[in-house]
Structures are given as structure tokens and as C-alpha cells.
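Engineer: Return atomic coordinates for the entry below.
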Amino acid sequence: MVRIVKSTVMEAPVEAVWDVLRDFNGHDRWHPAVADSLIERGQPVDRVGCVRRFHLADGSELREQLLALSDADMTFSYCLLDTPVPLLNYVAHVRLIPVTDTDQTFWQWESRFDTPAGQEVALAKMVGEGIYEGGFAAVRQHMGLAGAEAGA
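Structural biologist: Residues are numbered from 1 along each chain as shown. Sure, this is the predicted structure:
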């Protein structure tokens, strides 16, 4: 099993970052890899169990299900249901923690998944760098935060 853990500090209050990330169907507004997204069956974006169906910029279609969401803890978890990429048993967790002395946000994004033999390193890099680190930079840019230009 592959485990990816990435984290960053965002130069914004935790409530502002949570407003962006909490919308389970909002990633097409900030992540450059996501072309479009919709919640199936018209369910609310914060209903545990809702499924988002989205397309990547290359046209690939994925489906993910919201497993947990806590406004009090500023966390959510989701899993992949359908994907053209062999990320098997993929479950991810996002959590935000206030950095109180600077009014910033600590953001941790992690996942565990299985892969076909021999694909662990390539798929771990794709998820860790392409999705998570790319997502950090994209949210910075979306929010107009410092470091967005450098992808920090």
C-alpha cells in the first residue's frame, strides 16, 4: 500500500481556506487538472455519501464519493469510485488547522492506495506532486496569496 502525505502553510485564515475546500464540487474552480464537475443526483455538495463526477483536462472521467465532512474539525475524506488511473482502494483525507500566531492555515492532504506491481513510484509521484502539490499552488493562486507564482 502506498501512503502519500503532503502539507503546506497557506497565508490566509483557516476559515477562508475552508470556504474554498469545503465545497466538494468546487475543485473545478481552482484545480487546473479538473475541467468540470457535478454532483450526481443533485445532492448537496456537503452531504456525506454524495458522488462527484468530473472530467480532467485530458477528458478522463472520474467519480469520487464524500465519506466524511466536519466543519468543526475542518476535515473531509473521500474515495475514488471510478478512475482510468489504477489507484486502487484510494482513500484521501484533507484537514486544516489554524496557525494561531500568524493567522495562517496548516493544510494536510494525505491518501493511501494500492497500485499494480511496479507502478507504486510513478503513481505516488503523480498523486503527491501533480494532484496535491499542484492543488496547494492552485488554491494559492485562486485566493490571490503570496507564493502562487512560484508554486510554493
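Engineer: can you pull out the helices in the protein?
Structural biologist: Along the chain, counting by DSSP state H, helices occupy 14-21, 120-125, 134-143.
Engineer: The shortest one - contacts with which helices or strands?
Structural biologist: The contact analysis (3 or more C-beta pairs under 8 Å, 6 or more residues apart in numbering; DSSP states H and E) places helix 120-125 against strand 2-10. C-beta here means a position set from N, CA and C on the backbone, and glycine is covered the same way.
Engineer: in the strand it packs on, what counts as buried?
Structural biologist: Neighbour-count burial for strand 2-10 flags 2, 4, 6, 8, 10 (criterion: 16 or more other C-beta atoms under 10 Å).
Engineer: mind checking pLDDT for G59?
Structural biologist: Per-residue pLDDT puts G59 at 94.
Engineer: and it, how many neighbours?
Structural biologist: When counting by other C-beta atoms under 10 Å, one arrives at 8 neighbours for G59.
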